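Trainee: The following comprises the amino acid sequence and a computationally predicted model.
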Amino acid sequence: MPFIYDKKNAQCMWCKRTQNPHPDFSHETIPSKIFISKKGRRIELCFSCYENEIKSISKDIDFKEKLDKKFELLKVLNL
Ligand SMILES: [Zn+2]
């Protein structure tokens, strides 16, 4: 599952970062990847947010479903 490096207009939809967090690559945009949620939303995430999502997956809910839940939560909180 490759992440795209230095993608134009990259922005993580969870942490809102747009710049590469690594100091050597801070002139580049954040490495990100678009995931398609269960409801068909395009969710762009950076590597660390993706790792967090993967870590906290339980057997009751799958990754794509989690993306929708989190997206809807962020919308409600207006973040
Ligand atoms: Zn992020």
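Mentor: On my side now, so go ahead.

Trainee: could I get the longest helix along the chain in CSV with only the CA atoms?
Mentor: Ranked by number of residues, the top helix in the chain under DSSP state H is helix 63-77. Included here for helix 63-77 are C-alpha records, laid out as CSV according to Å, rounded to 0.1, in the frame of the first residue of the first chain:
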residue,chain,number,x,y,z
PHE,A,63,-11.0,0.1,8.6
LYS,A,64,-13.4,1.4,5.9
GLU,A,65,-16.2,1.7,8.4
LYS,A,66,-13.9,3.5,10.8
LEU,A,67,-13.1,6.1,8.2
ASP,A,68,-16.8,7.0,7.9
LYS,A,69,-17.2,7.1,11.7
LYS,A,70,-14.3,9.4,12.2
PHE,A,71,-15.2,11.6,9.2
GLU,A,72,-18.7,12.1,10.6
LEU,A,73,-17.4,12.8,14.0
LEU,A,74,-15.1,15.5,12.7
LYS,A,75,-18.0,17.0,10.8
VAL,A,76,-20.1,17.1,13.9
LEU,A,77,-17.3,18.7,15.9
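
Trainee: for the closest residue to residue 37 other than its chain neighbours, what are its contacts?
Mentor: Taking CB to CB, 6 or more residues apart in numbering as the measure, residue 37 lies nearest to residue 67, with 3.8 Å between them; neighbours along the chain are not counted. Where you see a C-beta, it was placed from the backbone N, CA and C, and this is true even at glycine. Taking CB atoms under 8 Å, 6 or more residues apart in numbering as the criterion, residue 67 is in contact with 35, 37-38, 41, 43, 53.
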